[in-house]
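*Asks:* Show me the folded form of this:
(2 chains)
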There are 2 protein chains.
Amino acid sequence: MPPADSRERARAMVLGLQDEICAGLEKLDGQASFLEESWERPEGGGGRSRVMRDGAVFEQGGVNFSEVHGEELPPSILNQRPDAKGHPWFATGTSMVLHPRNPYIPTVHLNYRYFEAGPVWWFGGGADLTPFYPYLEDARHFHRLHQQACDSVSPELYKAFKPWCDEYFFLKHRGETRGVGGIFYDYQDGSGVLYKGQDPEGLAASVSRDLGSHPKTWEQLFNLGQACGKAFLPGYVPIAEKRGQQTYGDRERQFQLYRRGRYAEFNLVWDRGTIFGLQTNGRTESILMSLPPLVRWEYGYKPAEGSREALLTDLFTRPQNWFEDSSLEERCRPHQAVD
Amino acid sequence: MPPADSRERARAMVLGLQDEICAGLEKLDGQASFLEESWERPEGGGGRSRVMRDGAVFEQGGVNFSEVHGEELPPSILNQRPDAKGHPWFATGTSMVLHPRNPYIPTVHLNYRYFEAGPVWWFGGGADLTPFYPYLEDARHFHRLHQQACDSVSPELYKAFKPWCDEYFFLKHRGETRGVGGIFYDYQDGSGVLYKGQDPEGLAASVSRDLGSHPKTWEQLFNLGQACGKAFLPGYVPIAEKRGQQTYGDRERQFQLYRRGRYAEFNLVWDRGTIFGLQTNGRTESILMSLPPLVRWEYGYKPAEGSREALLTDLFTRPQNWFEDSSLEERCRPHQAVD
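*Replies:* Below you'll find the model as predicted:
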């Protein structure tokens, strides 16, 4: 059961995350700051959108907070959650997408959220990294920090949330993951069942069935979101600082713009949250804040064999066991320095 | 009933259109030519993709031909068309999207297609214009040529196909049409009923119910596709030639890149053909050839009041009665010359 002040605490948690992350990102950028725009939802609730543009590090970045509520859920959702019938509902969350200018710095996304309707409640969230150039140590660093955050709640979560991320951020029409992944989870309601409803039947689900110690309390799941959210800055800032030192040219910029096309394709074609928002009269500008500021499409492009761009495509857009697979080091070695 | 050689004739018609249009566009461009790539579909059929890049007029343009067939339709389609059960199916079509470099030249799309499965057959197609700057005479010219083509089969078609185009190429999440429209039709099977299945319930359907003389033979509908397809070059080339003379600067280029974002949004979020292709293992590169070569997104952008960009947004992305509405001239007058 959630505590009596569950909504206030969840709200304060994601709002605090937004503040903390924005402060950390402004410090990292050192030049631009976030512009804030508050908005209200006519049907109940509202949000706080923050956008940074033309920074030293970030070409564009957005960090949203929203808190929406209503008297009763639409029938399509009530059909799946009949126990929510007759109850007002509440949802709050923060989400972020950053598009750095330097192609050596990865694009990154984060989202943590909480939902409640009468006796029904759950937490969801995650963060995933999308590099344009292939650095094994960056993928490992990002994963390590998120693994540690999961471990702080239960040592068995990462092995379910990591493949869930690979499955969710997958571009079927390209046969590619969006990037090197991270963690993703949804419908965490303390029932001891990790998967409900329409979610993965694949790798993540098969792993989760073997888990013994799922978080079973609201407090544990609240701590999970909190811990993972706090893992973002230490998981990302050192990568951005290091890669931001590397100089790049037109080749790297063009490849970055091309790969950003995949980001736009994923968000517009496959991302359930984006599609749902656009088709149900959500706040379009806030939803599409995730789209890259500049994108290139090129018919039939293929990276040159043996190039860093080919390594990125072949290895960093496929699910990998970043820690266990020792062959990764050998495959990546030729390109770990700038060539 | 279709003639015995219906598939060969439909195939030759759309293939001929591809040839004729490509020749006309190469002549217009005067610099670049189309590169051709043929491909086969493992399950049956194949296609001929033609792409032009970095031309004098066209930053990128693609004209596809495809002809696909199979032993039996998937159950999801057979449910809607039970009379096609047990019959092999056949589909052929040509589709085109052009992205000119000069922002004064509109982007344009065309598609004509034919489907057959045993006793079931239909024609579909259309063409629509997406200007970046607001020239009333261009919208009228493009519509006039397509109206004349429709009129050559029945004088009552344009008034159904014009609103159908406005409805189909509509970005709900923006409350905008993709551009000034043109014509669109689908499921034209000679039954005397213009709308079947999942198509419009709105303006187009209400107009069509009043029509008395729908084409009722295969030959008439074949002629319709032929006539509309042939209307494209005279409907577009004079616009491109005229607007291509106008010089532009960074302001116009930036607005063009921004508006191209709407094109990408429509194709990836709303276009049934694109979504269906991507979700059913179609040839991704050919499907996404329609995406612009370079696109910009900007959070919260609003054109300055009274500007050409505002006129484009307010008037040229809303359904209009291009010929009948005399107030359009007055609203457009201040911006018909380059300011």
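*Asks:* C-alpha only now, for contacts and for neighbours.
*Replies:* OK.
*Asks:* in what helix or strand does A:Phe161 lie?
*Replies:* Assessed by DSSP states H and E, A:Phe161 sits inside helix A:158-168.
*Asks:* so does that helix get close to chain B?
*Replies:* No - judged by CA under 8 Å from any CA of the partner chain, helix A:158-168 stays clear of chain B, getting no closer than 14.9 Å.
*Asks:* Which other helices and strands does that helix contact?
*Replies:* In terms of contact count using 3 or more CA pairs under 8 Å, 6 or more residues apart in numbering or on different chains; DSSP states H and E, helix A:158-168 is assigned the packing partners helix A:136-151, strand A:181-188, helix A:203-208.
*Asks:* What ranges does chain A have for its strands?
*Replies:* Shown for chain A, the strands assigned by DSSP state E span residues A:35-40, A:45-53, A:58-70, A:89-100, A:107-117, A:120-130, A:170-171, A:176-177, A:181-188, A:294-296.
*Asks:* relative to helix A:136-151, how tilted is the helix holding A:Phe161?
*Replies:* Taking axes from the mean of the first three to the mean of the last three CA atoms, to 10 degrees, helix A:158-168 and helix A:136-151 form an angle of 120 degrees between their directions.
*Asks:* could you give the mean pLDDT of helix A:158-168?
*Replies:* Throughout helix A:158-168, pLDDT has a mean value of 92.
*Asks:* I'd say A:Gln60 and A:Ser290 touch.
*Replies:* No - the pair A:Gln60 / A:Ser290 is not scored as a contact, 9.3 Å apart, by CA atoms under 8 Å.
*Asks:* so what's in contact with the two at the same time?
*Replies:* A:Leu98 (CA atoms under 8 Å, 6 or more residues apart in numbering or on different chains).
*Asks:* Flag every residue of chain A that's near chain B.
*Replies:* Counting by CA under 8 Å from any CA, the residues of chain A close to chain B are A:51, A:172-174, A:265, A:268-269, A:275, A:278-279, A:281-282, A:284-286, A:288-289, A:291-300.
*Asks:* Phi, psi for the closest residue to chain B within the stretch 51-200 of chain A please.
*Replies:* For the stretch 51-200 of chain A, the residue closest to chain B is A:His173, as judged by CA to the nearest CA, at 5.3 Å. Here is the backbone geometry of A:His173 (degrees, to the nearest 10): phi -70, psi -10.
*Asks:* Pull the contacting residues for it.
*Replies:* Residues near A:His173 by CA under 8 Å, 6+ apart: B:Leu278, B:Gln279, B:Asn281, B:Gly282, B:Thr284.
*Asks:* Is there a neighbour count for the spatially closest residue to A:Glu26 that is not a sequence neighbour? I'd like the number.
*Replies:* Using CA to CA, 6 or more residues apart in numbering or on different chains and skipping residues adjacent in sequence, the residue nearest A:Glu26 is A:Ser33, 5.6 Å away. Burial of A:Ser33 is recorded as 18 neighbouring residues (other CA atoms under 10 Å in any protein chain shown).
*Asks:* do the same with A:Trp39
*Replies:* Neighbourhood size, A:Trp39 [other CA under 10 Å]: 14.
*Asks:* Same check on A:Asp314?
*Replies:* Around A:Asp314 sit 12 other residues, with neighbours defined as other CA under 10 Å.
*Asks:* So which helix or strand of chain A has the lowest pLDDT on average?
*Replies:* Using mean pLDDT, DSSP states H and E, helix A:203-208 stands out as the lowest-scoring helix or strand of chain A, at a mean of 60.
*Asks:* The nearest residue to A:Tyr263 once chain neighbours are set aside and A:Glu167: what is the separation?
*Replies:* If the residues on either side of it in the chain are set aside, A:Tyr263 comes closest to A:Arg178, at 6.7 Å by CA to CA, 6+ apart. Between A:Arg178 and A:Glu167 the distance, using CA to CA, to the nearest Å, works out to 10 Å.
*Asks:* Comparing those two, which residue is more hemmed in?
*Replies:* Between A:Arg178 and A:Glu167, counted using other CA under 10 Å, the more crowded position is A:Arg178 (29 against 22).
*Asks:* Can you verify my assumption that that one contacts A:Lys172?
*Replies:* No - using CA under 8 Å, A:Arg178 is not in contact with A:Lys172; the gap is 10.2 Å.
*Asks:* Pull out the CA atoms of stretch A:179-191 and give them to me as PDB.
*Replies:* What follows is stretch A:179-191, C-alpha atoms only, in PDB (Å, rounded to 0.1, in the frame of the first residue of the first chain):
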ATOM      1  CA  GLY A 179      22.000   3.000 -28.600                       C
ATOM      2  CA  VAL A 180      23.900   1.200 -25.900                       C
ATOM      3  CA  GLY A 181      20.800   1.200 -23.600                       C
ATOM      4  CA  GLY A 182      20.900   1.400 -19.900                       C
ATOM      5  CA  ILE A 183      17.900   0.500 -17.800                       C
ATOM      6  CA  PHE A 184      14.100   0.600 -18.300                       C
ATOM      7  CA  TYR A 185      11.200  -0.600 -16.100                       C
ATOM      8  CA  ASP A 186       7.500   0.000 -16.000                       C
ATOM      9  CA  TYR A 187       4.400  -1.100 -14.000                       C
ATOM     10  CA  GLN A 188       6.400  -1.700 -10.800                       C
ATOM     11  CA  ASP A 189       3.600  -2.100  -8.300                       C
ATOM     12  CA  GLY A 190       5.100  -4.200  -5.600                       C
ATOM     13  CA  SER A 191       3.100  -7.300  -6.600                       C
END
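*Asks:* Now do the buried residues in it.
*Replies:* A:Gly179, A:Val180, A:Gly181, A:Gly182, A:Ile183, A:Phe184, A:Tyr185, A:Asp186, A:Tyr187, A:Gln188, A:Asp189, A:Gly190 (16 or more other CA atoms under 10 Å in any protein chain shown).
*Asks:* Please apply the same query to stretch A:134-145.
*Replies:* Neighbour counts using 16+ other CA under 10 Å place A:Pro134, A:Tyr135, A:Leu136, A:Asp138, A:Ala139, A:Arg140, A:His141, A:Phe142, A:His143, A:Arg144, A:Leu145 of stretch A:134-145 among the buried residues.
*Asks:* and those as CSV, adding pLDDT and distance to A:Asn64?
*Replies:* Below are those laid out as CSV (pLDDT from 0 to 100; distance: CA to CA, whole Å):
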residue, pLDDT, distance to A:Asn64
A:Pro134, 97, 29
A:Tyr135, 97, 29
A:Leu136, 97, 30
A:Asp138, 97, 25
A:Ala139, 98, 25
A:Arg140, 98, 27
A:His141, 98, 25
A:Phe142, 98, 22
A:His143, 98, 23
A:Arg144, 98, 25
A:Leu145, 98, 23
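*Asks:* wait, what's in contact with A:Cys228?
*Replies:* By CA under 8 Å, 6+ apart, the residues touching A:Cys228 are A:Gly126, A:His146, A:Ala149, A:Cys150.
*Asks:* so which of these comes closest to A:Asn111?
*Replies:* A:Gly126 (5.6 Å; CA to CA).
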